[in-house]
Structure formats: structure tokens, C-alpha cells
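Asker: Prediction below, plus the sequence it came from.
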Amino acid sequence: MTSDSSGIEPLQFSVIEESDSEIEGFLSRRIREFNNVVSEPHRRVRVDKPQSLSIVVRNSAGEIVAGLSSSTYWEWLDIDNLWVSEHLRGQGIGRQLLRRAESLAQARGCRRVMLTTFSFQARGFYEKEGYQVVGALEDYPPGGVYYWMRKEMVG
């Protein structure tokens, strides 16, 4: 390809309509490289990896009936999943999971918590536990809302 009269090389756009791990990995690496240059916390988290923190509740048969998965980094507890079996909901197990995770995260130096939830999930439950909505994506999924929530932990 040749450049036009402005000296700018012509570009070719390609549309790829299926997952391509090579392209996704390339783009992810490039973004990570940029973040490492401009953000000290990003550089540091590449060395001091996020620490996993999961809590599970099992019944007498050893089956998982509730649990929470998360990680800690940047003085944050980042909750990925919190689930309680339907027959155990409303008995305080979700609250116990949250509070235990928060306590363990504070012992790791965390001061804040973040999580996401959908309008058809547990927004009200989290608000009762001191979480606040800091962002909402309306009509995602269609007819629903996706919420970003956070909490300041008190020491």
C-alpha cells in the first residue's frame, strides 16, 4: 500500500465476527502496557497480584449451599459473586458472607468494597448492608438495569 499525498499511510479495517484469542490477547497486552506507563497502581498490581478471597457454606452432605468469591487489591474488596441457595435465602446467610468478607478484607488493609448487580438481583439487599449505587446502565439487559455499587468500610 502506498501513502496518499498527505504522507499518511492508508489503513485497512477488518471485521472479525468470531472470538479470536490472538487479537484479544494482543489488544489486552497493549492496554496493559499503556496502563503500566501511566498508572503506578497498575504497575504495582502486576507484581503484587490481587489476592483471592472466597467463602463457602456447605450443608451436612458437603454440598455448597452459599458462597462468595472476591479479590482484594488497591485497598479494595472486589466482590465478583455472592450466591445463597433459594431455600436458605432470608436467613441472614448472605449478610454473614458479606460481613466476613469485609472483615477479612479490612485485615488485608482494604477500606472500600465494590460489586455489581442487576435490577432483578439483590440491589435492595446490598443497600441494607450500606452499599450505594454509584452507576447504573439502563436497559441492560433489555428492560433491566445493571448497577455498580460501593461501600466505605468503617474501621
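Answerer: Right, received. Where do you want to start?
Asker: which intervals of this structure have sub-threshold pLDDT?
Answerer: Counting by pLDDT under 70, the low-confidence segments of the chain come to 1-5, 47, 155.
Asker: Go through it and flag its longest helix.
Answerer: Ranked by number of residues, the top helix in the chain under DSSP state H is helix 21-38.
Asker: ok, residues contacting the helix or strand that comes right after it?
Answerer: Going down the chain from helix 21-38, the next helix or strand is helix 40-47, by DSSP states H and E. Contacts with helix 40-47, where a contact means CB atoms under 8 Å, 6 or more residues apart in numbering, come from Arg32, Asn35, Asn36, Tyr73, Trp74. C-betas here are computed from N, CA, C, even on glycine.
Asker: C-alpha coordinates for helix 40-47, PDB please?
Answerer: Output in PDB follows, covering the C-alpha atoms of helix 40-47 (Å, rounded to 0.1, in the frame of the first residue of the first chain):
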ATOM      1  CA  GLU A  40       1.600   3.300  39.300                       C
ATOM      2  CA  PRO A  41      -1.200   1.300  40.900                       C
ATOM      3  CA  HIS A  42      -1.400  -0.700  37.600                       C
ATOM      4  CA  ARG A  43       2.300  -1.400  37.600                       C
ATOM      5  CA  ARG A  44       2.200  -2.400  41.300                       C
ATOM      6  CA  VAL A  45      -0.700  -4.800  40.900                       C
ATOM      7  CA  ARG A  46       1.200  -6.700  38.200                       C
ATOM      8  CA  VAL A  47       3.800  -7.500  40.800                       C
END
